[in-house]
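J.: What follows is a predicted structure for the sequence shown.
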Amino acid sequence: MSRVYDDERLAGAYERGNELPEGSLRAWVELIASHARRPSPSIVEIGSGTGIFSAAMARWIEGSGVVGVDASEAMLAEARRHHPHPAVRYLSGEAEALPAATGAFDLALMSRVIHHIPDRARAARELVRVLRAGGRAIIRTTFRERLDAVVYDYWPRLRAIDERRFPGEEEVVADFVSAGLTLEEVTSFAQPVAANLMEYHARLVGRPQSKFTHLTDEEFRRGLVRLETAAGNEALDTPRPVLERYDVAVFSRS
């Protein structure tokens, strides 16, 4: 995976800037859980970051055991600090070489990580190896052809950057199907990430996402000013929740 998150500053900022409101996080976990085909599933999250989703799945998917795998020791340290759970183990590993036995899992999640994986085809083959028959793999991302994040309104150059970084739907599907997985569906799901633009601004001050490393300090500052101005104008009207939409691709292992 990309090594950008080895930076301890970014790992710490990620935790503070990417937490979800409890209701939104629970809605995502319910969507993920709906694809489990066995009770008390064994789950692996690949690219688990600071453990936000790993711990949430352990909390709300009854009887589940979760392994969170990440290549960044800085991220794993944040996960163990902020999101410990008796049903979660955080392990160091790459998507292309998972630290798990063959057929160990019923469910695999890759959330906002597919664009960081250098060899998607090899990672897909690893999913086939570690999933049990009937297991499901869930890819939570934004495909290149549907980049629509609110962040682009304030840092427009990020859209062009992400068009180079993010894969398209057909590319991902081709890699995973070629590895032996079956595409079940591609859907879209959106949930609030902040109550209003002022709260959204506070989340982004620390540059908590890898995309911001592609901007100069001055570019980032100008975007933050644009967002702060919009938040101030919104405060005079009726603030609205800030939504983030993601594509969700679901694959099964025969």
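T.: Thanks, I have the structure now. Residues are numbered from 1 along each chain as shown.
J.: so where do the helices sit in the stretch 51-200 of the chain?
T.: Taking DSSP state H, counting those that start in this stretch as the criterion, the stretch 51-200 of the chain carries its helices at 52-60, 73-82, 120-130, 157-165, 169-178, 197-204.
J.: To E15, which of the ones you listed lies closest?
T.: helix 73-82 (5.0 Å; Cβ to Cβ). C-beta coordinates here come from the backbone N, C-alpha and C atoms, glycine included.
J.: residues in contact with the closest one?
T.: For helix 73-82, the external contacting residues (Cβ atoms under 8 Å, 6 or more residues apart in numbering) are 5-8, 10-12, 14-15, 48-51, 54-55, 68, 70, 90-92.
J.: Put together JSON lines for the helices of the stretch 51-200 of the chain, with mean neighbour count on each row.
T.: Formatted as JSON lines, those follow (neighbours: other Cβ atoms under 10 Å):
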{"stretch": "helix 52-60", "mean neighbour count": "22"}
{"stretch": "helix 73-82", "mean neighbour count": "19"}
{"stretch": "helix 120-130", "mean neighbour count": "20"}
{"stretch": "helix 157-165", "mean neighbour count": "15"}
{"stretch": "helix 169-178", "mean neighbour count": "17"}
{"stretch": "helix 197-204", "mean neighbour count": "19"}
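J.: max-length strand in this structure?
T.: strand 181-194 (DSSP state E).
J.: before we move on, back to that, just send the helices of the stretch 51-200 of the chain back as JSON lines, with distance to L215 and mean pLDDT too.
T.: Shown next, in JSON lines, are these (distance: least, Cβ to Cβ, whole Å; pLDDT from 0 to 100):
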{"stretch": "helix 52-60", "distance to L215": "24", "mean pLDDT": "98"}
{"stretch": "helix 73-82", "distance to L215": "21", "mean pLDDT": "95"}
{"stretch": "helix 120-130", "distance to L215": "26", "mean pLDDT": "98"}
{"stretch": "helix 157-165", "distance to L215": "7", "mean pLDDT": "96"}
{"stretch": "helix 169-178", "distance to L215": "25", "mean pLDDT": "98"}
{"stretch": "helix 197-204", "distance to L215": "12", "mean pLDDT": "95"}
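J.: how about those helices in a markdown table, adding distance to G223?
T.: Formatted as a markdown table, those follow (distance: least, Cβ to Cβ, whole Å):
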| stretch | distance to G223 |
| --- | --- |
| helix 52-60 | 24 |
| helix 73-82 | 25 |
| helix 120-130 | 30 |
| helix 157-165 | 8 |
| helix 169-178 | 28 |
| helix 197-204 | 9 |
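J.: of all those helices, which lies closest to L227?
T.: Relative to L227, the nearest member of the helices of the stretch 51-200 of the chain by Cβ to Cβ is helix 197-204, separated by 5.0 Å.
J.: burial of F105, as a residue count?
T.: 25 (other Cβ atoms under 10 Å).
J.: tell me the contacts of it?
T.: By Cβ under 8 Å, 6+ apart, the contact set of F105 is 41-44, 67, 130-132, 135.
J.: Considering those residues, which is situated nearest to M198?
T.: In terms of Cβ to Cβ, no member of the contacts of F105 lies closer to M198 than I43, at 35.2 Å.
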